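Asker: coords please:
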Amino acid sequence: MSWDLHYMTMDLPRHTHHSGWHTMHNVICGGAKLTEGYLEVLTKARVKICILQGDKDQVVPLECCKNIKALAPNAEVDIIKNADHNTVVLGRKKEFAKYLENTWAITSR
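Answerer: Predicted structure coming up:
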């Protein structure tokens, strides 16, 4: 018997689970009271901060992006039209992969 597993089952956890999910969950969600300090450290270290959010996101209010941008003025905020909390990535696989490649290329210089 052969199963065709969705790419999220195999690839997404392999490449992003620990670095992406745990960072977002533990720092932003689980440790919201510490976010200001973390953003200050990242800003002082000149770490590139990229924020993607869908304009139809009903999980995370758009004000959160504005608040992060206020705390980290050099953060890049990209509001994706007609995308919600899930489709900002999952509904735009090719665009998101290209965005990641460009971000990694810029930050590796």
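Asker: give me the low-pLDDT residue ranges for this structure?
Answerer: For the chain, the stretches with pLDDT under 70 are 1-33, 109.
Asker: Identify each buried residue in the top helix by length along it, please.
Answerer: Counting by DSSP state H, the longest helix found in the chain is helix 93-107. Buried residues in helix 93-107, counted by 16 or more other Cβ atoms under 10 Å: Y99. To be clear about C-beta, it is placed using only N, CA and C from the backbone, and glycine gets the same treatment.
Asker: Kindly export it (C-alpha atoms) in CSV.
Answerer: Listed next in CSV are the C-alpha coordinates belonging to helix 93-107 (Å, rounded to 0.1, in the frame of the first residue of the first chain):
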residue,chain,number,x,y,z
LYS,A,93,3.3,27.8,-1.6
LYS,A,94,5.4,28.9,-4.6
GLU,A,95,5.3,32.6,-3.6
PHE,A,96,6.2,31.7,0.0
ALA,A,97,9.1,29.5,-1.1
LYS,A,98,10.4,32.3,-3.3
TYR,A,99,10.0,34.8,-0.4
LEU,A,100,12.1,32.5,1.9
GLU,A,101,14.8,32.0,-0.8
ASN,A,102,15.1,35.7,-1.3
THR,A,103,15.2,36.4,2.4
TRP,A,104,17.8,33.8,3.0
ALA,A,105,19.9,35.0,0.1
ILE,A,106,19.8,38.6,1.4
THR,A,107,20.6,37.6,5.0
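Asker: Can you give the contact residues for it?
Answerer: By Cβ atoms under 8 Å, 6 or more residues apart in numbering, the residues outside helix 93-107 that reach it are 7, 48, 50, 52, 78, 88-89.
Asker: what comes up buried for the host helix or strand of C65?
Answerer: If you go by DSSP states H and E, C65 is part of helix 62-71. The neighbour-count check on helix 62-71 (16+ other Cβ under 10 Å) flags 64-65, 68-69, 71 as buried.
Asker: which one of these sits closest to V41?
Answerer: L71 (11.2 Å; Cβ to Cβ).
Asker: what sits against the closest residue to that closest one other than its chain neighbours?
Answerer: Leaving out its chain neighbours, the residue that sits closest to L71 by Cβ to Cβ, 6 or more residues apart in numbering is L39, at 4.5 Å. Contacts for L39 (Cβ under 8 Å, 6+ apart) come out as 49, 68, 71-72, 75.
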